[in-house]
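J.: Mind looking at a prediction? Sequence and model below.
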Amino acid sequence: MAETGLCLDNLQIHHRDGRLLAAVNTQVAPGTVVSLMGPSGVGKSTILSAITGALAPEFTCSGVITLNGRKLNELAPQKRRVGILFQDHLLFPHLSVGQNIGFGLPPGVDDRATKIDAALYEIGLEGFTNRDPDTLSGGQRARVALMRMLLAEPEAILLDEPFSRLDATLRDRMRKLVFDRARAANLPVLMVTHDKADADAAGGEVIELTLSD
Ligand SMILES: Nc1ncnc2c1ncn2[C@@H]1O[C@H](COP(=O)(O)OP(=O)(O)OP(=O)(O)O)[C@@H](O)[C@H]1O
């Protein structure tokens, strides 16, 4: 049977000139979190880009990335079914909150307005459909970004320091929301963080990357 979860089998990222940037070999089981830590510039975000298919042309990657037995390496980003959350909780500024959420829904899905309303209700933002994203607080933006990602029904979640800009109370709430949702949906989560408390809250394996010479 094909292996479930997210597997990074000897994933190596090289600069175009051949220098090694980062290497990682791990398996993230469904419903668990693996934390990627290490100094600034060690290549944590670049590893996530290799998984989403958004690796900058300055880099190449080798090794095999599989998600629930599907090899991702050559797949177009939109076919990988990997969701990612960033620290800036990037929302489309020219779209309303409802349209931002709706962006996560697969095209052609029925009853979009009802699904968007239900999603907003679930994150405590009932009635926010027509609001401009710029009028939201950081915590509200974070929840909208999370919902938009989940509605796309990803098979794995990548987190690039999504809690780092939130204040302590919101950070706790957001961590719980993300980890609970991932566990409930049995999704593997790979989280980049500088904050040991994030890794402690996640409770899974911690991989410490070190700078190569
Ligand atoms: N698009 C790019 N073009 C060229 N170099 C890049 C690009 N993106 C990142 N780099 C370089 O690759 C290295 C790794 O960057 P990356 O963002 O993956 O590190 P990181 O470990 O996530 O750092 P931080 O913790 O500061 O976010 C850095 O030296 C960075 O300057």
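T.: That came through, no problem. Fair warning: this is a prediction, and the values are worked out from it, not measured in the lab. Numbers count the residues shown, from 1 in each chain.

J.: So what's the model's average confidence on the strand or helix carrying A50?
T.: Assessed by DSSP states H and E, A50 sits inside helix 44-52. Per-region confidence: helix 44-52 scores 97 on mean pLDDT.

J.: does the ligand sit close to it?
T.: Yes. Counting by Cβ under 6 Å from any ligand atom, the ligand has neighbours in helix 44-52: 44-46. C-beta coordinates here come from the backbone N, C-alpha and C atoms, glycine included.

J.: Tell me the buried residues within these.
T.: 44-46 (16 or more other Cβ atoms under 10 Å).

J.: which of those residues lies closest to A118?
T.: S45 (32.3 Å; Cβ to Cβ).

J.: and the closest residue to the closest one other than its chain neighbours, how far is that from the ligand?
T.: Nearest non-adjacent residue to S45, counting by Cβ to Cβ, 6 or more residues apart in numbering: D160, 5.6 Å away. Using Cβ to the nearest ligand atom, to the nearest Å, we find D160 at a distance of 8 Å from the ligand.

J.: Which pLDDT value goes with D160?
T.: Confidence at D160, expressed as pLDDT, is 95.

J.: What residues does it make contact with?
T.: Neighbour list for D160: 44-45, 48, 84-87, 192 [criterion: Cβ atoms under 8 Å, 6 or more residues apart in numbering].

J.: residues near the closest residue in space to A76 that isn't next to it in sequence, how many?
T.: Nearest residue to A76 in three dimensions, chain neighbours excluded: G53, at 6.6 Å (Cβ to Cβ, 6+ apart). G53 is flanked by 17 other residues according to other Cβ atoms under 10 Å.

J.: Would you list the phi and psi of the residue nearest to S45?
T.: Main-chain torsions, D160, degrees, to the nearest 10: phi -110, psi 80.

J.: Which strand residues bridge it?
T.: Beta-bridge partners recorded for D160 (DSSP bridges): F86, V192.

J.: G18: which of the residues of helix 44-52 next to the ligand is nearest?
T.: Within those, the smallest distance to G18 is 15.7 Å, found for T46 (Cβ to Cβ).

J.: In three-state terms, label the closest residue to that closest one other than its chain neighbours for me.
T.: Of all residues not flanking T46 in the chain, I13 sits nearest, at 5.5 Å (Cβ to Cβ, 6+ apart). Three-state call for I13 (DSSP: H, G, I helix; E, B strand; the rest coil): strand.

J.: Counting by contacts, list what the helix holding A50 packs against.
T.: Using 3 or more Cβ pairs under 8 Å, 6 or more residues apart in numbering; DSSP states H and E, the elements in contact with helix 44-52 are strand 6-15, strand 20-28, strand 33-37, strand 59-67, strand 82-86, strand 156-160, strand 189-192.

J.: any weak-confidence spans in this structure?
T.: Within the chain, the ranges that satisfy pLDDT under 70 run 1-2, 213.

J.: which parts of it sit against the ligand?
T.: Residues of the chain lying near the ligand (Cβ under 6 Å from any ligand atom): 21, 40-46, 56, 58.
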